[in-house]
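In: sharing a model prediction with you, sequence too.
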Amino acid sequence: MSRRPRTRVLSRTALAFAGAVAMLMTLFTPPASADTVYLQVWWIKCVNQSEPFSDEIRLQFNGQIIGSWNDVDGGETHWYYSSQFGWPLNRPFSGNNAVDILEADSEYNLIGWVGVSESEVGTGAHQVPAHMYDGSYTVYYEVTANPV
């Protein structure tokens, strides 16, 4: 009879151990697809402005203006820290999205865009020519799993 209670104790201990392991695996196993990732726009380069003089560039992401530079001319690179409108870093999103490049005159006009995807997490920084309707810009960005 002494074996029977011991067997039950071992079984309960084994079940408790298995349950603890399953709980830990659930906590530490990354999801198949990240719920939220972060866009980091490091810089934008004007290869050829869209207007004859200078562009007034605004970057839009998820419906919000995240970067702003005035008097942008061909050949100039504008880093995130020189933005006049906030910091185009740590912008949360999921799925696929686009960074719109807008010309700000009396209204915002879309002059190009760069597609970004949560699947780019962990692939490093990307220097991508924008799909342009007018002018020519390159955007240097990164998609990260955590804010920087």
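Out: Nice, thanks for sending it over.
In: distance-wise, check the residue lying closest to Trp79 once chain neighbours are set aside relative to Asn109.
Out: Nearest residue to Trp79 in three dimensions, chain neighbours excluded: Trp43, at 4.7 Å (Cβ to Cβ, 6 or more residues apart in numbering). (Each C-beta comes from the backbone N, C-alpha and C, glycine too.) For Trp43, the distance to Asn109 (Cβ to Cβ, to the nearest Å) stands at 22 Å.
In: can you tell me the strand partners of the lengthiest strand in the chain and which way each runs?
Out: In the chain, taking DSSP state E as the definition, the longest strand is strand 37-48. Strand 37-48 has its sheet partners listed here by DSSP bridges as strand 77-79 (antiparallel), strand 91-93 (antiparallel), strand 136-144 (antiparallel).
In: report the distance from the longest one to the chain centre.
Out: For strand 136-144, the distance from its own C-alpha centre to the chain's C-alpha centre is 10 Å (Cα atoms, centre = their mean, to the nearest Å).
In: what of stretch 69-86?
Out: In this view, stretch 69-86 has its centroid 20 Å away from the chain centroid, taken as Cα atoms, centre = their mean.
In: which residues sit against that stretch?
Out: By Cβ atoms under 8 Å, 6 or more residues apart in numbering, the list of residues contacting stretch 69-86 from outside reads 40-49, 54-58, 65-68, 87-89.
In: low-confidence regions, this structure specifically.
Out: 1-34 (pLDDT under 70).
In: mind doing that once more with 50?
Out: 4-10, 14-34 (pLDDT under 50).
In: can you give me the strands for it?
Out: Under DSSP E, the chain gives strands at 37-48, 55-61, 64-72, 77-79, 91-93, 96-104, 108-117, 126-129, 131-132, 136-144.
In: send me the longest one as PDB with only the CA atoms.
Out: Same thing as strand 37-48. Presented in PDB, the C-alpha positions along strand 37-48 are these (Å, rounded to 0.1, in the frame of the first residue of the first chain):
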ATOM      1  CA  VAL A  37       6.500  46.200 -34.800                       C
ATOM      2  CA  TYR A  38       8.200  49.600 -35.100                       C
ATOM      3  CA  LEU A  39       9.200  51.700 -38.000                       C
ATOM      4  CA  GLN A  40      12.400  53.600 -37.800                       C
ATOM      5  CA  VAL A  41      13.000  56.200 -40.500                       C
ATOM      6  CA  TRP A  42      16.700  57.000 -40.300                       C
ATOM      7  CA  TRP A  43      16.900  59.500 -43.300                       C
ATOM      8  CA  ILE A  44      15.400  60.600 -46.500                       C
ATOM      9  CA  LYS A  45      17.500  61.600 -49.600                       C
ATOM     10  CA  CYS A  46      16.300  63.900 -52.300                       C
ATOM     11  CA  VAL A  47      17.700  62.600 -55.600                       C
ATOM     12  CA  ASN A  48      15.700  65.000 -57.700                       C
END
